[in-house]
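Asker: Just to be clear, the model below is a prediction. Sequence and coordinates:
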Amino acid sequence: MRRPRTVRTCCLPRAWTRTTRSRSCSASASTSPTAVRRRATAVRRRATAWPARRSRQARTSPDALSGSRRAVTGISIRRPRPHELDAFVRCVEAGFAVRLTPGKHEELVTDLDSERTLAAFDGLELVGTLAGYPAELTVPGPVVTAVLSLAEVSVLPTHRRRGVLTTLLDAALRAGRGRGDQLAVLASSEGGIYGRFGFASATSHQRFVVERARACLRDRLGARPAGRIALLELSEALEALPLVFDAARRQRPGELGRSAAYWEQLLVAPEEATTAPVRFVAAYEQDGLLDGYAIYSVVTDPETGSGGSVRRAVELEECCTTSDAAYVTLFSYLLGLDLTSRLRTRERPVDEPLRHMLEDPRALQTTELGDGLWIRVLDVVGALGTRRDAADGKVGFELVDEFCPWNAGRYVLEVETGTARVASTSTEVDLVLDAAALAACYLGGTSPVTLRTAGAVVEHVAGAAQQLERLLAWPPEPFCSTT
C-alpha cells in the first residue's frame with residue numbers, strides 16, 4: 001500500500017515530509033477541532049493541495065559544501081545535478097539492496113527537494129545520497145513546528161566505512177542550521193547508526209493482539225456514546241480522513257504532518273498489489289461531526305484454530321480519534337466484527353487506553369515494543385524555547401555535543417507559567433548530558449532520571465535529573481503514527 005519499506009527503513013518516507021509551504025506551523029482558529037470536524041463530515045472541500053516541487057535542480061559547484069569539518073579525502077559533497085539523478089536513485093537501490101519499479105524511480109526523482117538534497121562523489125562517481133525535506137512536527141505544548149526531515153540516506157556498498165555517511169550528515173545538519181532549522185528528524189532501520197551523530201529515539205510504539213473471545217468491555221462510567229459508525233467509500237475517505245488526522249496529530253507530541261500522496265498510498269492499493277486485502281474505513285459520527293476513523297482489513301490469521309481450522313483476524317492499519325466517545329465506539333466496533341477471532345494492530349501508542357477498557361486486561365497481548373521517530377537538536381535555545389513545559393522551575397545544564405559543536409556549552413532552562421527561557425551561562429550547572437540524551441528527552445517520552453541511571457546524564461546537584469524531568473514531561477506519550 002505504501003512505498004516499499006525496504007527502501008525507507010533508515011530514513012523517512014517522502015510522504016512524511018511533503019508539507020504545504022504556505023501552511024502556518026501554529027494552530028489557528030481554522031484548525032480548531034470543531035471546524036475541522038465539520039469540514040471532514042461535509043466532505044465537499046478538496047483535500048489540501050500540495051505544491052509541485054521545483055523541477056529545476058540547483059547547479060551548485062562541487063566546492064559549495066567543502067566547508068565541512070569532516071571532509072574525507074577524495075570525497076566531495078554537493079547537490080546533485082539533473083543528469084545525475086538516475087545515479088542518485090541507483091545508489092539508493094544499491095545501498096538498500098532493492099530494485100525500484102520505473103514508477104517508483106520516477107516518483108523518487110520528482111519528489112526530491114533541490115534545496116536540501118545532497119550527494120557524495122568519489123571523483124565523478126556518485127557514492128552516497130541524502131535527501132532532506134521540510135516537515136511539521138508536534139512538540140509539547142502542543143505546538144506544531146517546522147523541522148528538517150532526512151530520507152534516502154544511503155552509501156554504496158563499495159564505499160562503506162570511509163566516512164561518507166558522516167560527511168553527508170555533517171553537511172546536511174550544518175545547512176539545516178544555516179536555514180534556521182531547530183530540529184532534524186528521521187527513521188532508522190538499525191539502532192546503532194545515528195546515536196553517534198546526536199540523534200535519539202524520541203517516540204515509542206507497541207503492536208498488540210486482542211483475543212475476541214476474551215475481549216469483554218467493562219461497564220463505562222457516565223453516559224454512553226451517542227454517535228454512530230458509518231462505512232466510508234474511498235472518495236469520501238480521501239477527503240474526510242486527512243482533516244480528522246490533522247486535528248488529532250496537533251495534540252500529540254511526535255506526530256508528523258502528512259501529504260495527499262501519503263493518503264493515496266495508505267488507502268489506494270498500487271496496481272501491482274493484486275493480492276492485497278481489501279481495506280475498509282469505519283468512521284464515527286456524532287451530531288453531524290466526524291470525530292474519528294479506523295482503517296482495517298479482514299485477513300486469514302497465520303495461527304490456525306483448534307483442529308487446524310482457519311481463523312480470520314481484523315488487521316488494524318490505523319485508528320485516529322479526536323474524542324473519547326469515538327475511541328470507545330470504534331474499538332467496540334472492531335472487536336465485535338463477525339467471523340473474526342482476534343484483532344491485530346500495527347504501530348500504536350504505548351499508553352493505549354484499550355487495555356483499561358477490558359474486563360480481562362490480559363486479553364490484550366503486546367507483541368512488539370519499538371522505537372519510532374529519531375530526532376536531533378540543531379538549535380538548543382530555539383528548540384527548548386519552542387516547546388511548552390509542564391511545570392515551572394529552573395535547571396542549569398551542560399551540553400556535550402561533538403558532532404554539532406555550536407550547541408556545546410552551558411545553559412540555564414527557566415520555566416515560568418509554562419513558557420521556557422533558555423540562555424547561555426558561565427556559572428556552575430546542575431547536570432551534564434550529551435546531544436543524544438537531550439534528543440531522547442525533548443518530546444517528554446524519556447526520563448532524565450532513567451538516563452542518569454544509564455550513564456547518559458551526570459548530576460552535579462542531587463535531584464537535578466528529576467527537576468529536568470518535571471520540566472520536560474508532557475502527556476500524552478509521544479508517538480508517531482506516520483510510518
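Answerer: That came through, no problem. What you see is a predicted model; the values in this text were computed from it and never measured.

Asker: Show the contacting residues for Glu402.
Answerer: Ala408 (CB atoms under 8 Å, 6 or more residues apart in numbering). The way it works is simple: take the backbone N, C-alpha and C, and place the C-beta from them, glycine included.

Asker: Revised request: answer the last question for Leu137.
Answerer: By CB under 8 Å, 6+ apart, Leu137 lies in contact with 144-147, 183, 185, 254-256, 375.

Asker: how does it look with 6 Å?
Answerer: 145, 147, 256 (CB atoms under 6 Å, 6 or more residues apart in numbering).

Asker: And for Ala473?
Answerer: By CB under 6 Å, 6+ apart, the contact set of Ala473 is 390, 444.

Asker: same check, this time on the one 3 residues further on
Answerer: Contacts of Pro476 were listed using CB under 6 Å, 6+ apart, and they are 252, 351.

Asker: how close does it sit to Gln251?
Answerer: Going from Pro476 to Gln251 by CB to CB, to the nearest Å gives 8 Å.

Asker: my read: Trp474 touches Pro140, true?
Answerer: Yes. Taking contacts as CB atoms under 6 Å, Trp474 lies within contact range of Pro140: 3.5 Å.

Asker: Which residues are in contact with each of the two?
Answerer: In terms of CB under 6 Å, 6+ apart, Trp474 and Pro140 are both contacted by the residues Gly444.

Asker: follow-up on the earlier one: what about the contacts of Leu137, which one has the most neighbours?
Answerer: Compared across those, Val147 has the highest neighbour count, 27 neighbours, by other CB atoms under 10 Å.

Asker: mean confidence score for the helix or strand harbouring it?
Answerer: Using DSSP states H and E, the element containing Val147 is strand 143-155. Per-residue pLDDT values across strand 143-155 average out to 97.

Asker: which regions of the chain lie under the pLDDT threshold?
Answerer: 1-71, 269-275, 304-309 (pLDDT under 70).

Asker: Would you mind splitting it into its domains for me?
Answerer: Structurally, the chain divides into domains by automatic domain parsing as follows: 5-18+53-142+151-172, 205-371, 379-472.

Asker: what's the closest of those domains to Ser189?
Answerer: Ser189 lies closest to domain 5-18+53-142+151-172 among the domains of the chain, at 3.4 Å (CB to CB).

Asker: hmm, back to that, now the element after the strand holding Val147, going C-ward?
Answerer: Per DSSP H and E, the first helix or strand lying C-terminal to strand 143-155 is helix 164-179.

Asker: Just checking: what are the partner strands of the next helix or strand after that following helix?
Answerer: Later in the chain than helix 164-179, the nearest helix or strand by DSSP H and E is strand 183-186. Applying DSSP bridges, strand 183-186 is found paired with strand 143-155 (parallel), strand 374-377 (antiparallel).

Asker: Ranking those strands by mean neighbour count, which comes first?
Answerer: Most buried of the strands paired with strand 183-186, by mean neighbour count (mean count of other CB atoms under 10 Å): strand 374-377, with a mean of 28.

Asker: mind checking how far it is from the chain centre?
Answerer: Distance of strand 374-377 from its chain centroid, counting by CA atoms, centre = their mean, to the nearest Å, is 11 Å.

Asker: Next: stretch 362-377.
Answerer: Its chain's average C-alpha position is 12 Å from that of stretch 362-377, according to CA atoms, centre = their mean.

Asker: Pull out the buried residues from it.
Answerer: Of all the residues in stretch 362-377, those buried under the rule 16 or more other CB atoms under 10 Å are 363-364, 371-377.

Asker: before we move on, what about stretch 300-320?
Answerer: Buried residues in stretch 300-320, counting neighbours by 16+ other CB under 10 Å, are found at 301, 311-320.

Asker: Just the closest of those residues to Glu106, please.
Answerer: Taking CB to CB as the measure, Glu106 sits nearest to Glu317 out of the buried residues of stretch 300-320, at 26.3 Å.

Asker: Return the residues in contact with that closest one.
Answerer: When contacts are counted by CB under 6 Å, 6+ apart, Glu317 touches 295, 346.

Asker: cool, Gly74 as well?
Answerer: For Gly74, the contact set (CB under 6 Å, 6+ apart) comprises Asp122.
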